[in-house]
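J.: Can you look at this prediction? I've put the sequence above it.
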Amino acid sequence: VSFDIDSTCCFPTSLAIARQAINWFPKVHPFLNLNVDTHFGLKVPSYNKRGVLTQKYTPLYKIPHYYFSSVIGMEGLLMFVFFPVLYTE
């Protein structure tokens, strides 16, 4: 049995995880956005066939997002901001 772990994913609710500071990227850099499936996702609002608002699991790379920053002291830790309400099929 072998494992290939090349990324982790967490969903902090506060910027306190970056105690030293962050390298903020105020300008959008589309080439830094996720564009392949990372096997992680979120539930996004979606209308079913009856027109009822429900939630649907969607891969992260399909949800509108923004590469926000990296954490000083952990430059390999990238921070993204996701906008699930803006998702459209």
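T.: Cool, got the structure.

J.: show me where pLDDT drops low in the protein?
T.: 1-7 (pLDDT under 70).

J.: Please enumerate the strands of it.
T.: 22-24, 41-47, 53-59, 65-71, 74-82 (DSSP state E).

J.: and Leu32, which of those strands is closest to it?
T.: strand 65-71 (4.0 Å; C-beta to C-beta). Where you see a C-beta, it was placed from the backbone N, CA and C, and this is true even at glycine.

J.: contacting residues around that closest one?
T.: 17-18, 20-25, 28-29, 32-34, 76-83 (C-beta atoms under 8 Å, 6 or more residues apart in numbering).

J.: how about 7 Å then?
T.: 18, 22-25, 28-29, 32-34, 77-83 (C-beta atoms under 7 Å, 6 or more residues apart in numbering).

J.: ranking the strands of the chain by burial, who's on top?
T.: Stretch with highest mean neighbour count among those: strand 65-71 (a mean of 18; mean count of other C-beta atoms under 10 Å).

J.: now that strand against strand 74-82, angle please.
T.: 150 degrees (axes from the mean of the first three to the mean of the last three C-alpha atoms, to 10 degrees).

J.: quick check, distance from strand 65-71 to the centre of its chain.
T.: 9 Å (C-alpha atoms, centre = their mean, to the nearest Å).

J.: In the sheet, which strands lie alongside that strand, parallel or antiparallel?
T.: Using DSSP bridges, the strands paired with strand 65-71 in its sheet are strand 22-24 (antiparallel), strand 74-82 (antiparallel).

J.: just checking, Leu86 touches Pro64?
T.: Yes - counting by C-beta atoms under 7 Å, Leu86 does reach Pro64; the two are 4.4 Å apart.

J.: who has more neighbours, the two?
T.: Pro64 (14 against 11; other C-beta atoms under 10 Å).

J.: And that one, how far from Gly73?
T.: Distance, Pro64 to Gly73, by C-beta to C-beta, to the nearest Å: 29 Å.
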